[in-house]
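S.K.: sequence and predicted structure, then a few things I'm wondering about:
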Amino acid sequence: MNANDATFKEIISHSKEYGFIYPGSELYDGLGAVYDYGPLGVELKNRIKAHWYEWMTRVNDNIVGIDTAIFMHPTVWKASGHVDAFNDPLIDNKDSKKRYRADVLIEDQIEKHLEKANKEVTKAAKRFGSDFDEALYRETNPRVKKYIDKASALRQRFAGAAEANNMAELKQIIEDEKIACPVSGSRNWTDVRQFNLMFSTQMGSVAEGASELYLRPETAQGIFVNMLNVAKSSRLKVPFGIAQVGKAFRNEIIARQFIFRMREFEQMEMQFFVRPGEELKWYEYWKERRMQWHNSLGLGDDNYRFHDHDKLAHYANAAADIEYRFPFGFKELEGIHSRTDFDLVQHETFSGRKLQYFDPETQEKYTPYVVETSIGLDRMFLAVISSALREETLEDGSTRTVMALPYFLAPVQVVILPLIKKDGLPEIASDIRQQLAYDFAVQYDEKDSVGRRYRRQDAIGTPFCITVDHQTAEDDAVTVRDRNSMTQQRVPIGQLTAYLQPKLSMVDAWKQIK
Ligand code: GAP
């Protein structure tokens, strides 16, 4: 059997056709970078959420959940640094009127230099065959070296400008590198200016008395400000974690690539509070465990990699991304950051209240250090569907579209199909549907031939199709078809739950995580 991965365009259209994801407000021609999850999308999203949240809070005995408000006191965002520094540098092309992130234009240019070096290396590898020493060639070939040096000089200049918040220098880099607008092809740029990514709104009825609030750009701050409440009410001892799934909002300048970068999205964040001095040990621990969590989904270990940050934010003493191979390349899926005591100390300073924990073991009071794991739920959804959707050519030469989702994430877990719409088969099938509905997400389908119904279920990723045929009335057994292998097995109706349960449970995945 041959399988071809779907293209990004196919993933987007499949998502809409089968009710996974619709463009937001489509009736009014859509709203930029806002999406709605359809009936199957919401089921899949809830399962991904459960796989994260329940593993965090059930399997780990020292992590509890929380659900904090989207609106927070405006000073929270002063303290966290978002009011002053949660900015993207933007630039407009005067001819195309298109807006870009200046940092993205420069990063793309760095990539271009590196691509040129890679092309030279690929050509040489072909020329020299098995004798080729890539590392040596990269170090010694003048043309390759020229491109690599250009990329690293540009990276250094860019890092300096970004750190100093020097917008004029960013513009100068764009001009010196002769970066052109991809739409108009011109280099007629405006100045670079800072653009804060937080959405603001008013609380209160009259404009004068109203105070400006922000829609939270991350869920983490709700955890920080509740750290002591949670530690006390749940009688937690350091180290402990607080996990939260919730909406976040960012006024992204370039929001594209479907649900990869949205203006309204969901985060799954966990802040792990530890003793000062022990944070790097826990950082390594969480890096490893989070990668294991990803691998437990079975999307292919090769599709993930770590990207350790060389340049750290001023509050972090270690940081890494888990990147996933999306259809448009390796990109950040999750961040793991050792954030020191920065956030808690900022909140102590701005609120005038102590956020200290009394450690009964050391008999000391201290402000805990924090290791954060932060993953975008929508990005995880995109990773799952893009790894799953494929076109398979079967042995008889026919093709099928299949969403090879991990079984425990499938939005419809079991479908019941009466072979035909008469002879009492629909009644038996309805009874089975009802019996299984308490334990599984089930559907009933009697329309079209069984073959077509199988194809429809393959396209939405249903792991098991149960067919009720004439023999069922005699032997009280049904045929269970497995989505991946397409093999069929006769199972007594009374044993269906026991047969399906272990195959559809999340627990096996959790047990792989050490
Ligand atoms: N509290 C840390 C924090 O918010 P971040 O790297 O800005 O860190 C964490 O965001 C994760 O949230 C990212 O790794 C990504 O998966 C997701 N994310 C961030 N911005 C997003 C957006 N505009 N659309 C969808 N997901 C986003």
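M.R.: That came in fine, so what should we check first?

S.K.: so what's Cys465 closest to, chain neighbours aside?
M.R.: Nearest in space to Cys465, with sequence neighbours left out and distances taken as C-beta to C-beta, 6 or more residues apart in numbering, is Arg481 at 4.4 Å. C-beta here means a position set from N, CA and C on the backbone, and glycine is covered the same way.

S.K.: that neighbour contacts Phe464, doesn't it?
M.R.: Yes: with contact defined as C-beta atoms under 8 Å, Arg481 reaches Phe464; the gap is 6.9 Å.

S.K.: with neighbour numbers in mind, choose between these two.
M.R.: Set Arg481 next to Phe464 and count neighbours by other C-beta atoms under 10 Å: Phe464 wins out with 26 against 21.

S.K.: how about the contacts made by the more buried one?
M.R.: Phe464 sits next to 413-415, 480-483, 500, 503-504 when contact means C-beta atoms under 8 Å, 6 or more residues apart in numbering.

S.K.: so which of those are in helices?
M.R.: Cross-referencing the contacts of Phe464 against helices under DSSP state H gives 500, 503-504.

S.K.: what does the stretch 101-250 of the chain put close to the ligand?
M.R.: Within reach of the ligand by C-beta under 6 Å from any ligand atom, the stretch 101-250 of the chain has these residues: 218, 220, 250.

S.K.: including neighbour count, could the residues you listed go into a markdown table?
M.R.: As requested, those are arranged in a markdown table below (neighbours: other C-beta atoms under 10 Å):
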| residue | neighbour count |
| --- | --- |
| Glu218 | 19 |
| Ala220 | 24 |
| Arg250 | 22 |
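
S.K.: could the residues you listed go into TSV alongside secondary structure and distance to Arg379?
M.R.: Converted to TSV, those look like this (DSSP: H, G, I helix; E, B strand; the rest coil; distance: C-beta to C-beta, whole Å):
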residue	secondary structure	distance to Arg379
Glu218	coil	14
Ala220	helix	16
Arg250	coil	13
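
S.K.: which residues in the stretch 51-200 of the chain form strands?
M.R.: When secondary structure is read from DSSP state E, counting those that start in this stretch, the stretch 51-200 of the chain shows strands at 63-65, 87-92, 99-101, 193-196, 200-203.

S.K.: so for the second one, mean pLDDT?
M.R.: Put plainly, it is strand 87-92. In this model, strand 87-92 has a mean pLDDT of 94.

S.K.: partners of it, with directions?
M.R.: Strand pairing for strand 87-92, using DSSP bridges, gives strand 99-101 (antiparallel), strand 193-196 (antiparallel).

S.K.: and this protein, what are its domains?
M.R.: 1-71+197-394, 102-178, 412-511 (automatic domain parsing).

S.K.: out of those, the one nearest Asp191 is which?
M.R.: Nearest to Asp191 among these is domain 102-178 (5.8 Å), distances taken as C-beta to C-beta.

S.K.: how long is the closest one from one end to the other?
M.R.: 13 Å (C-alpha to C-alpha, to the nearest Å).

S.K.: what average pLDDT does that domain get?
M.R.: Averaged across domain 102-178, the pLDDT comes to 92.

S.K.: does Val370 touch Leu344 like I think?
M.R.: Yes: contact status for Val370 versus Leu344: in contact at 7.1 Å, counting by C-beta under 8 Å.

S.K.: what sits in contact with each of those two?
M.R.: In contact with both Val370 and Leu344: Phe224, using C-beta under 8 Å, 6+ apart.

S.K.: could you tell me which residues of this structure lie near the ligand?
M.R.: Residues of the chain lying close to the ligand (C-beta under 6 Å from any ligand atom) are 218, 220, 250, 252, 261-262, 265, 267, 269, 332-335, 372, 374-376, 378-379.

S.K.: now list the buried members of the contacts of Phe464.
M.R.: Listed as buried from the contacts of Phe464 are 413-415, 480-481, 483, 500, 504; burial here means 16 or more other C-beta atoms under 10 Å.

S.K.: packing partners for the helix or strand harbouring Lys232?
M.R.: Lys232 belongs to helix 227-233 when assigned by DSSP states H and E. Contacts defined by 3 or more C-beta pairs under 8 Å, 6 or more residues apart in numbering; DSSP states H and E place helix 227-233 against strand 240-249, strand 264-274, strand 357-359.

S.K.: OK, contacts around whatever residue of the stretch 251-400 of the chain ends up closest to the ligand?
M.R.: Relative to the ligand, the nearest point of the stretch 251-400 of the chain is Gly376 (2.6 Å; C-beta to the nearest ligand atom). Contacts for Gly376 (C-beta under 8 Å, 6+ apart) come out as 265-268, 333-334.

S.K.: mind doing that once more with 7 Å?
M.R.: For Gly376, the contact set (C-beta atoms under 7 Å, 6 or more residues apart in numbering) comprises 265, 267.

S.K.: that older thread, got a markdown table for the strands paired with strand 87-92, with distance to Glu107 and mean neighbour count too?
M.R.: A markdown table is the format used below for the strands paired with strand 87-92 (distance: least, C-beta to C-beta, whole Å; neighbours: other C-beta atoms under 10 Å):
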| stretch | distance to Glu107 | mean neighbour count |
| --- | --- | --- |
| strand 99-101 | 9 | 18 |
| strand 193-196 | 17 | 16 |
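
S.K.: want to throw these into JSON lines with distance to His307?
M.R.: Formatted as JSON lines, the strands paired with strand 87-92 follow (distance: least, C-beta to C-beta, whole Å):
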{"stretch": "strand 99-101", "distance to His307": "19"}
{"stretch": "strand 193-196", "distance to His307": "25"}
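
S.K.: out of the ones you listed, nearest to Asn87?
M.R.: Asn87 sits nearest to strand 193-196 of all those, at 4.2 Å, using C-beta to C-beta.

S.K.: could you list the low-pLDDT ranges of this structure?
M.R.: For the chain, applying pLDDT under 70 flags the ranges 1-2, 206-209.

S.K.: could you rerun that using 80?
M.R.: Within the chain, the segments meeting pLDDT under 80 span 1-5, 205-210, 254-256, 310-311.

S.K.: let me know the outermost residue of it.
M.R.: In the chain, Glu474 marks the outermost C-alpha relative to the chain mean, sitting 48.6 Å out by C-alpha atoms, centre = their mean.

S.K.: rewinding a little: which members of the buried ones among the contacts of Phe464 are the farthest-apart pair?
M.R.: Greatest spacing in these, by C-beta to C-beta: Arg481 and Leu504 (14.6 Å).
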